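Asks: With the sequence up front, the predicted model follows.
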Amino acid sequence: MFAKQRFDTNIYMKLFRWAYILLMGTLCFSLVNLPFFFATISLAIDMRNVLFFALSLLFVGPGFVALLGMIDVFKEHKDVEPVKEFFRKYRQFGLRGFLYGLIGWGASVICLADVYVFAKLPGGQWLIPLFLILMIIGLAVSINAWYYQVRNPQASMKDVLRLAFYMALKKWYASLLNLVLFAAIFAVMLLKPQFGFVITTSLFAGIMYLNLSFAGGRKE
């Protein structure tokens, strides 16, 4: 006779459970980012709509810090109730996630606007790399701050931001990879909404979490 496998030791059940967590994490993130969802399905990808897309991304921070928080619980306990944990982290870190997100959002808006203006000025193109570097640093600080706040829930915003800025520069290669993955999340949402708003967000966020962990993110 074959021994009956328990749910937690059956590889197929585990894979099904992980797929469920992946799916629900992405759906929760999409739910709290409805402005971007509606912008994606109703607006053409056109320069005239850049302002609307930018405004729709303003509230990404609370959702992303909650998603990283859910992933952190899954990593610690090897399982998680995705919906319950996502919204628990959303309540716990949402405001700080929004404030941290403003750093990257503001840096992106200001720097891209400067790139647009200086590209038309004589010799202005020489300043474009500087603006792009500042934008990258701003986004990297936001991503790092979300992660380090989740890993250090009692830490002050000042300490989190100081660590986030330091690691953004020290581990610049990890920061660049995280930026590529972060941009890919929204690129997939724009180009393939059926995947971006249902599947890929949690997958890319999980890779970002692992990358941040390997880059030296320990719980204080």
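Replies: Looks like it arrived, so ask away.
Asks: alpha carbons only for contacts and neighbour counts from here, please
Replies: OK.
Asks: Low-confidence ranges, this structure, go.
Replies: For the chain, applying pLDDT under 70 flags the ranges 1-9, 216-220.
Asks: ok, now with 50
Replies: Applying pLDDT under 50 to the chain flags the ranges 1-3, 217, 219-220.
Asks: Can you pull up the most central residue in it?
Replies: Centroid check for the chain by Cα atoms, centre = their mean gives F64 as the closest residue, at 4.7 Å.
Asks: Is that one in a helix, a strand, or coil?
Replies: Following DSSP: H, G, I helix; E, B strand; the rest coil, F64 is assigned to helix.
Asks: what comes up buried for the biggest helix by length in the chain?
Replies: For the chain, the helix that runs over the most residues, judged by DSSP state H, is helix 82-118. Buried residues in helix 82-118, counted by 16 or more other Cα atoms under 10 Å: 82-83, 85-87, 89-90, 92-94, 96-108, 111-112, 114-115, 118.
Asks: related to what we said a few turns ago, quick one: the residue nearest to the centre of the chain from N49, how far?
Replies: 24 Å (Cα to Cα, to the nearest Å).
Asks: Check S175 too.
Replies: Distance from S175 to N49, by Cα to Cα: 28 Å.
Asks: which of these two has more neighbours?
Replies: Neighbour count, other Cα atoms under 10 Å: between S175 and N49, S175 has more, with 25 against 12.
Asks: which stretch of helix or strand covers that one?
Replies: Assessed by DSSP states H and E, S175 sits inside helix 172-191.
Asks: what's whichever helix or strand comes after that helix packed up against?
Replies: Sequence-wise, the next helix or strand downstream of helix 172-191 (DSSP H and E) is helix 193-195. Packed against helix 193-195, as judged by 3 or more Cα pairs under 8 Å, 6 or more residues apart in numbering; DSSP states H and E, are no other helices or strands.
Asks: Which residues does the following helix or strand past helix 193-195 contact?
Replies: Using DSSP H and E, the helix or strand that follows helix 193-195 towards the C-terminus is helix 201-214. Applying Cα atoms under 8 Å, 6 or more residues apart in numbering, the contact partners of helix 201-214 are 22-23, 25-26, 29, 67-68, 71, 144, 147, 174, 177-178, 181-182, 184-185.
Asks: Just want the angle from helix 201-214 to helix 172-191.
Replies: Interaxial angle of helix 201-214 relative to helix 172-191 (axes from the mean of the first three to the mean of the last three Cα atoms, to 10 degrees): 180 degrees.
Asks: Now helix 201-214: buried residues?
Replies: 201-206, 208-209, 211-212.
Asks: could those go into a markdown table alongside distance to Q154?
Replies: Shown next, in a markdown table, are the buried residues of helix 201-214 (distance: Cα to Cα, whole Å):
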| residue | distance to Q154 |
| --- | --- |
| T201 | 27 |
| S202 | 25 |
| L203 | 27 |
| F204 | 26 |
| A205 | 22 |
| G206 | 23 |
| M208 | 22 |
| Y209 | 19 |
| N211 | 22 |
| L212 | 19 |
